[in-house]
Each structure stands twice: as C-alpha cells, then as structure tokens.
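**Student:** mind looking at a prediction? Sequence and model below.
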Amino acid sequence: MILFDNCRFLITTPNPDGVIERGWVLVDGPLIDSVGGPAESPAERLDAEGAEVVDCSDKLVMPGMIDSHNHLANYPYNLLPGIDPSSMDFNGISECLEKLIWPAYTWATDASTYDLTVLAMCNAIKHGTTTITSAFPWPDATYRAGVTSGIRTIIQPQAVSNVALGDGLDDEGYLAQTEEVIQNYHNAEDGRIQVAAHPHTTYSCSEGLLLGCMELAERYDVGFAIHMLESIEDRHLSDAQFAEWGGIINYFHAKGLLQERTLFFHCDQMNMREAEMIAEAGVAISHNPQSNATYHGSVADVPTLRAAGVTLGLGTDMPAGNLFDNMYTAFIVNATVPPDQEAQYEPWVPLELATIGGARAQRLGDEIGTLEAGKRADLITVDLSRNTTLHPLNAGNLLFWLVSQGAGTVVEDSMVDGEFLRRDGEFTQMDEEAIIARSYEWMANFESWYSHRKATGQAVTVRKYPDYESR
C-alpha cells in the first residue's frame, strides 16, 4: 500500500466540493482503497505496518489528466515552417492537411512512430497526463510505446482513403488492421491499453471505410472516433457534401453513427440543434482549443455544447502540447469568443474537461477521472514549495488559479494503476535525454526526406481523390 498523506490540497473531484485540505489518498495495488480528511488519516497505523507513506504537506494531489485527442508521433510538422515556409501558406483544413500534416504521415515508419510516440508520452506524463489517445497509423508501434511508458493508452489506428500514406494500406487493409489491433491489444496490460476504431473523417474516407469502422466498433464493443466540423471551411464544405441529408449530423444519424461509443474531435462549428442531437445519442466531443485557434482561427462553443448536455473532454491535438496549457486556453477563449456570448462557465470547468469529462468521453468514467475508492490509482502531484506561478493558494482560489495560472506546470509525481511513472521529479521507466536524442535523429531524417522529394519534384502528399468529394 502507498499512502499520499497530509496533502496541502487534495482535489478528489473537479469542483469546490472536491477540494480537501490536509487530505489523504490510500492506494492498494492498481486501485484507490480510500480517500479522506485529516481527522481520518491512517498514516500512523500504516507506517507501523511498514507501508509506504508519501509526505504531501507541500504538494497538490489531484486526478491524472486525460488527453482525449492527439496524434502522438506527428512531431515532424513542427519543423516544416523552418524547412519550407510555404507549408504554412494554407487556407482552410484541406490545405492544412495537404501541406502541414500529411507529409509526416507519408514519411512515417513503424520505427519512427515508436520513438516519437514515446517522446510524446514522456512530455504528457511530465505535464500531468496519465491517459492519452493517439490517432495515427502504425498502431503496433503505439502499443509498444504504451507498454514502454506505462501511461494509460487508447490506440486509434487512423484509417484514410483519400491519400496514400507510408503504411501502403487501402480501405480493406485499414479495416483488417483495425480488427487485428482490437483483437491483439484491446484491454491489454490489465485494461491499461485500449483500442478505438478511427476513420479520419468523412471527407477523407470512403463510405465503405467509414461504415466498416463502425461495424467493427459495434462488433467488438470499442469506441469510434472521428474528426468533425473543425473549421469554418469544413462547415461549409460538409454542408454541401451532405446537402441531400440536411447536413453532416443528419447523415450520421441516418447511418447509425451517432452512438454512445462515438467521440467527435473538434466540433468548432456545431450549432445548438446538432449539439442537442448528439447529446441525446450520447456522443462525446474532444475540445481542442489551442490547435484549433492556432491553425483555424476558431474554437468550439463550449457553453453552448454544455447547455445541450454534450459530454466534453479536453485534447491537445499535438504531441508537444500539454493539458495544463490547454485548460487555460479553454478558459480564456470561451470568455471572449464569440464577443456577444452571454453564457460562461465556472472557472473550474476546464479542469472538469481534463479529468472526469475526458474519462466519460472515453467511456471510462467509472474507472478514472476522479480520486474515489474503487477507481484506478491514476493521480499526479504538483510540488508547491518550488512553484512560483501557483502562488498564493488557498482552498477558495485553488481551482481558478490552477486553471488560469497553471500553464506549463510540470508534475512531481505521476502514477498510473498504482505504479509511479514519475517520482520526485524524475521518470522511473524512461530515459528522457536518450528519448530526446533519438528524436533529433528522426527529425534530421524527415528533413532530408522532405527536402529530397521537393528538390526532385516528388509529391510529399500523394492524393487519391480530393477532399469533400461526394462518394
């Protein structure tokens, strides 16, 4: 047993009622045994019995966070503005994919995916994430990275029809791969690694691939994840593509794709009618404020989505991102966009999205997302004795200050299933310097590949058909 005792602040649930001063959490194996306040601490008894007691008198202890949308191995796109400035000269999501995103997927291999995914997991753990998703090809590599890092991992093997990626798969190949990955890895590592079917989005997938992924999700009772309405251009072109259905959400409803297992990424352009439709069906959304604001100049209207009853998680959408930063971004953009917006949410709502909201979005709300007896022991600590941004704190301002001033926070301890992944500010299972050094080799490899293809007139994105084509 491990007791996190005398916590300066303990957040059991992401709201004011969940804040306990001088509380404690007792971990027994992979589960939380019990949680309580200072008067109930079992420290003296457990210490006498030889159990490990962690002094948290200068620490914030809280649930590990859940990154509900990411593409973990896609580090190379961060290099492209320096290699080829024209890669940033795009107008809308289609050109963004063409110039900035697909080149890295075209270049990627199983080996690069493993190393760069481990790096992304290292970054996530360092900044408080204990559950992470990855929508990317080469899912075997994602699985191995999840085993190496120890983080709770949801593999979303990305399937796409409209471009030829480095894995060389067609629609049938992607469906066969998705089924094999589900059979091999879903609920592996005592349930710590799971799988969800993932067609990239409607405009990049044939209808056969889209519906085939849902058929697999239903057959094996796994999640179904897809990009949805992530820019103004996407809204206009999707409306045109699905005009005969009355819009893309009506199309999903007609095809049986609005289900409790369905997770939409982004949804920056969803209206109240659509939000109410998906809420009734139990569909969840991953809110990605930083990536959407950065690359598309729009973000989801979280107050409207919450008012409709939609389950919301928080995602970074980029391997170098972190959820502490995204919590602040989620708070600030919804305070100002759109200008005439009357609704606003409580300052701790972004923390809710990053914890229990993300857990529910992944259909894991009964297992993670809060610190409660019987749940998985996924938790993090923040050292307050050396933190100059989270200061001064008291029980009344803690949640607001954590959301508004916690950007960039690095955690002291990180635990998943009762195992320390980070202890006293150091990784327990990974060599951070070696991981970063290896990534530099891959970045040099990508730059060489990209520059050679450009110099020789070869495409860095190989199209099979244009986006938003009716099929």
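**Tutor:** Cool, the structure landed.
**Student:** just give me the neighbour total for the nearest residue to Arg363 once chain neighbours are set aside.
**Tutor:** Sequence neighbours aside, Gly223 is the residue nearest to Arg363 in space, at 6.3 Å (criterion: CB to CB, 6 or more residues apart in numbering). Quick note: C-beta positions are derived from backbone N, CA and C, even for glycine. By the measure other CB atoms under 10 Å, the count of residues near Gly223 is 24.
**Student:** kindly report the same for Ala111.
**Tutor:** By other CB under 10 Å, the residues close to Ala111 number 13.
**Student:** can you give me the pLDDT of it?
**Tutor:** pLDDT recorded at Ala111 is 98.
**Student:** for Ala104, see how far away it is.
**Tutor:** Counting by CB to CB, to the nearest Å, the gap from Ala111 to Ala104 is 14 Å.
**Student:** and for Ala437?
**Tutor:** Distance, Ala437 to Ala104, using CB to CB: 20 Å.
**Student:** go on, Tyr174?
**Tutor:** Per CB to CB, Tyr174 is found 18 Å from Ala104.
**Student:** then Leu305?
**Tutor:** With CB to CB as the criterion, Leu305 and Ala104 are 30 Å apart.
**Student:** neighbour count: these two, which is higher?
**Tutor:** Ala104 (27 against 22).
**Student:** which helices and strands does the strand or helix carrying that one pack with?
**Tutor:** Taking DSSP states H and E as the criterion, Ala104 maps to helix 102-107. Secondary-structure packing of helix 102-107 (3 or more CB pairs under 8 Å, 6 or more residues apart in numbering; DSSP states H and E): strand 163-164, helix 432-455.
**Student:** what's the burial count for the closest residue to Ile249 other than its chain neighbours?
**Tutor:** Distance criterion CB to CB, 6+ apart; nearest residue to Ile249, sequence neighbours excluded, is Glu274 at 4.3 Å. Neighbour count of Glu274, defined by other CB under 10 Å: 22.
**Student:** my guess is Glu274 meets Phe252, correct?
**Tutor:** No - Glu274 is beyond contact range of Phe252, at 9.6 Å (criterion: CB atoms under 8 Å).
**Student:** please identify the buried residues of stretch 431-441?
**Tutor:** If you call a residue buried by 16 or more other CB atoms under 10 Å, then stretch 431-441 has these buried ones: Ile435, Arg438, Ser439.
**Student:** in space, what's closest to the last one - neighbours in sequence excluded?
**Tutor:** Okay, so that is Ser439. In space, and not counting its chain neighbours, Ser439 is closest to Leu119: 4.9 Å by CB to CB, 6+ apart.
**Student:** and the one you found, how many neighbours?
**Tutor:** Neighbours around Leu119, by other CB under 10 Å: 24.
**Student:** go on, Val147?
**Tutor:** Residues lying near Val147 (other CB under 10 Å) number 16.
**Student:** that one is in what secondary structure piece?
**Tutor:** Under the criterion of DSSP H and E, Val147 resides in helix 139-149.
**Student:** for the residue nearest to Ser439, what are its contacts?
**Tutor:** Leu119 makes contact with Tyr75, Pro319, Ile435, Ile436, Arg438, Ser439, according to CB atoms under 8 Å, 6 or more residues apart in numbering.
**Student:** how about Ala73?
**Tutor:** Contacts of Ala73 by CB under 8 Å, 6+ apart are 104, 108, 112-113, 116-117, 120, 134, 136, 138, 141-142, 319.
**Student:** quick check: the gap between it and Asn334.
**Tutor:** Between Ala73 and Asn334 the distance is 30 Å, computed by CB to CB.
**Student:** ditto for Ile182
**Tutor:** Separation of Ile182 from Asn334 (CB to CB): 36 Å.
**Student:** mind checking which helix or strand the nearest residue to His287 once chain neighbours are set aside is in?
**Tutor:** Spatial nearest neighbour of His287, chain neighbours left out: Ala300 (5.1 Å); criterion: CB to CB, 6+ apart. For Ala300, there is no helix or strand it lies in under DSSP H and E.
**Student:** how many neighbouring residues does Ala335 have?
**Tutor:** Look at Ala335: counted by other CB under 10 Å, it has 12 neighbours.
**Student:** and it, what does it touch?
**Tutor:** Ala335 makes contact with Gln344, according to CB under 8 Å, 6+ apart.
**Student:** do I have it right that Ala361 meets Thr262?
**Tutor:** No - the pair Ala361 / Thr262 is not scored as a contact, 10.1 Å apart, by CB under 8 Å.
**Student:** mutual contacts of the two, please.
**Tutor:** Ala284.
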